[in-house]
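> Pasted the sequence and its predicted model underneath.
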Amino acid sequence: MSTPFYGSDYEALEQFDPEIAGILVDEVDRIRSGLQLIASENLSSPAVITALGSTLTNKYAEGYPGRRYYGGCSVVDRAESLAIERAKELFGADHANVQPHSGASANQAVYGAFMQPGDTILGMALPMGGHLTHGTKVSFSGKWFNAVHYGVDKQTEDIDYAEVERLAKEHKPKVILAGGSAIPRLIDFEFFRKLADEIGAIFWVDAAHFIGLVAGKAIPSPVPYADVVTFTTHKVLRGPRSGALVCKEEHAAKLDKAVFPMMQGGPQMHTIAAKAVNFKECASPEYAQYAKDVIANAQQLATSLGEKGIRPTTGGTDTHLSLHDLQGVGVTGAGAEARADAAGIVLNKNAIPFDPQKPNVASGIRVGTPSVTTQGMGVEQMKTIAELIHTAVTQGDGDPDSAISKQVRAGVDELCKQFPAYPRPA
Ligand SMILES: *Cc1c(COP(=O)(O)O)cnc(C)c1O
């Protein structure tokens, strides 16, 4: 097949650099031969990957469409303008900035736009479901800003809204942040908006994890409530590995300046083109159905694991992920991760609320359904996957060659054969 542009040319790469070419093939094989249950991962489309592997990577385009610091930008301007328009349309937002290189970069821009070093931010604690960039001590956000953290309620294991309110009134943060990496439940955006108004704070939603479900209109959107919404484009959304933000018109200039030149240099135009492709995909009825299926699958997986004694925190999920407490089956998160991995099931250990273990051991696992749903699996397959996980985690030994790992892997192979990732053309 001839390509109409100088873009992906696997054969030339294979000739020149067989080592890297081999790695690219091995990674596709790895994806094809296992179950990817990492909640923050997905399988982006060939269209997205084609845009990523294009000559748009060459172009310097510091600035924004129509006002660049370099010549020769009229073509890439069209890509960025399309990405912006599609993001605004998809999320019903006043303004979009599609230049952040990642979720963390988008978050940096929010700090840059609204806070001075030493100012206070109120966000969710990392071990309770938050994110590194929400003011942890190892991140710029915790080193340069005063972070106050809320957690979850001991009974419900969902956000402790009373604590949020108490801390907001006590510390008067400049910014109140909602969102995180291990929150299975919907977030009450209206509550946060009212609270932010009451104390005169900016309300920021980090929607990195769930923005795809918003794009597919499968869960309520934070956009009408928040001053700014940051997100990644590679999780449920299923675009390229990158970030973006949408905001109210009144904050547009401030946030644009914070993305460039405050935090970043030149934008990655090939990735921006890939984001435009992804936003177009997300506007389709197929994607809306996908987003609904992701949630139905996550709910089934959470229920089925729970029936086997691997308890879902909060009792289940409203989104694409669930968090499971392994204490009932006497396995640690790290142990479960290794045992599952040996059997071809990729998931991650995760702290559960009030976890007695250290973070690198943890008492829980986090599982998500974006990738397996992209492969076309449905609720029946989730029941099978729950059985496979249960067997691997409770009986496995972390040895890929053991009888039990092989037994589970046979079940994994069967699913992968029936629902292939990146299916080969017939
Ligand atoms: C994944 C994630 C990020 C960071 O995204 P990167 O692209 O890895 O920098 C930020 N916030 C939340 C809540 C996330 O889940």
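Happy to help now that I have it. As the structure is a computational prediction, the values presented were derived from the model and not from experiment.
> Check which element follows the longest helix seen in the chain along the chain.
The helix that spans the most residues within the chain, counting by DSSP state H, is helix 285-307. Sequence order places strand 311-312 as the next helix or strand after helix 285-307, per DSSP states H and E.
> distance of Ala104 from Gln327?
According to C-beta to C-beta, to the nearest Å, Ala104 stands 32 Å off from Gln327. C-beta here means a position set from N, CA and C on the backbone, and glycine is covered the same way.
> between those two, who's got more neighbours?
Ala104 (19 against 16; other C-beta atoms under 10 Å).
> Give me the phi and psi for that one.
Phi and psi for Ala104, reported as degrees, to the nearest 10, are phi -60, psi -40.
> Run a quick check on it versus Phe140, I expect a contact.
No - counting by C-beta atoms under 8 Å, Ala104 does not reach Phe140; the two are 9.1 Å apart.
> and for those two, which residues touch both?
By C-beta atoms under 8 Å, 6 or more residues apart in numbering, Ala104 and Phe140 have these common neighbours: Thr133.
> Quick one: low-confidence residue ranges for the stretch 1-150 of the chain.
1-7 (pLDDT under 70).
> where do the strands sit along it?
Assigned by DSSP state E, counting those that start in this stretch, the strands in the stretch 1-150 of the chain fall at 35-36, 63-64, 67-68, 95-97, 120-124, 146-150.
> Enumerate the residues of the stretch 101-250 of the chain near the ligand.
Contact residues, the stretch 101-250 of the chain versus the ligand (C-beta under 6 Å from any ligand atom): 102-104, 107, 131, 133, 179-181, 206, 208-209, 232, 243.
> Make a ChimeraX selection of whichever of these turn out to be buried.
In ChimeraX syntax, the buried subset of these is picked out as below (16 or more other C-beta atoms under 10 Å):
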select :102,103,104,107,131,133,179,180,181,206,208,209,232,243
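> Please report how far the closest residue to Asp119 other than its chain neighbours lies from Ala109.
Nearest residue to Asp119, sequence neighbours excluded (C-beta to C-beta, 6 or more residues apart in numbering): Lys174, at 4.6 Å. Distance, Lys174 to Ala109, by C-beta to C-beta: 15 Å.
> Between those two, which is the more surrounded one?
Ala109 (27 against 19).
> For that one, give me its contacts.
Neighbours of Ala109 in contact, by C-beta under 8 Å, 6+ apart: Asn97, Pro100, Thr230, Leu245, Leu255, Ala258, Val259, Met262, Met263.
> same thing but at 10 Å, please
97, 99-100, 228, 230, 243, 245, 247, 254-260, 262-264 (C-beta atoms under 10 Å, 6 or more residues apart in numbering).
> By proximity to the ligand, which residue of the protein wins?
Gly103 (2.3 Å; C-beta to the nearest ligand atom).
> and Val205, backbone torsions?
Dihedral angles for Val205 - degrees, to the nearest 10 - are phi -110, psi 120.
> Residues in a beta bridge with it, which ones?
Ala178, Val229 (DSSP bridges).
> Setting the sequence-adjacent residues aside, check what's closest to Val75.
Nearest to Val75 is Lys59, by C-beta to C-beta, 6+ apart, at 7.9 Å.
> hmm, I was thinking of Thr57
His270 (4.1 Å).
> ok now do the one you found, which residues does it touch?
By C-beta under 10 Å, 6+ apart, the contact list for His270 reads 7, 51-59, 76, 79, 240.
> now Ala125
His134, Gly135, Thr136, Ala147, Val148, His149, Tyr150, Gly151, Val152, Gly180, Ala351, Pro353.
> Show me the helices in the stretch 301-426 of the chain, by range?
Taking DSSP state H, counting those that start in this stretch, the helices of the stretch 301-426 of the chain run over residues 333-342, 370-374, 379-395, 403-418.
> Show me the one of the ones you listed that comes nearest Asp188.
helix 370-374 (23.7 Å; C-beta to C-beta).
> Which elements pack onto the closest one?
Using 3 or more C-beta pairs under 10 Å, 6 or more residues apart in numbering; DSSP states H and E, the elements in contact with helix 370-374 are strand 35-36, helix 285-307, helix 379-395.
> and the second one, which residues are buried?
Meaning helix 285-307. Quick answer for helix 285-307 (16+ other C-beta under 10 Å): 287, 290-295, 297-306.
> and that helix with helix 379-395, angle?
40 degrees (axes from the mean of the first three to the mean of the last three C-alpha atoms, to 10 degrees).
> helices and strands around helix 285-307, which ones?
helix 211-215, helix 269-282, strand 311-312, strand 321-325, strand 364-368, helix 370-374, helix 379-395.
> quick one: buried residues of the longest one?
Right, helix 379-395. Those would be Gln381, Met382, Thr384, Ile385, Ala386, Leu388, Ile389, His390, Thr391, Ala392, Val393, Thr394, for helix 379-395 by 16+ other C-beta under 10 Å.
> And Ser221, its phi and psi?
According to degrees, to the nearest 10, Ser221 has phi -90, psi 140.
> Now for it: which residues touch it?
91-93, 189, 205, 207, 210-211, 213-215, 229, 246.
> Tabulate these (TSV), appending distance to Gln116.
What follows is these, written out as TSV (distance: C-beta to C-beta, whole Å):
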residue	distance to Gln116
Phe91	29
Gly92	31
Ala93	26
Phe189	26
Val205	22
Ala207	25
Phe210	30
Ile211	28
Leu213	34
Val214	31
Ala215	33
Val229	22
Val246	24
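> could these be laid out in a markdown table, adding neighbour count and distance to Arg68?
A markdown table is the format used below for the contacts of Ser221 (neighbours: other C-beta atoms under 10 Å; distance: C-beta to C-beta, whole Å):
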| residue | neighbour count | distance to Arg68 |
| --- | --- | --- |
| Phe91 | 23 | 25 |
| Gly92 | 11 | 28 |
| Ala93 | 22 | 23 |
| Phe189 | 20 | 35 |
| Val205 | 27 | 30 |
| Ala207 | 29 | 29 |
| Phe210 | 29 | 33 |
| Ile211 | 30 | 28 |
| Leu213 | 27 | 34 |
| Val214 | 24 | 31 |
| Ala215 | 27 | 28 |
| Val229 | 30 | 26 |
| Val246 | 29 | 22 |
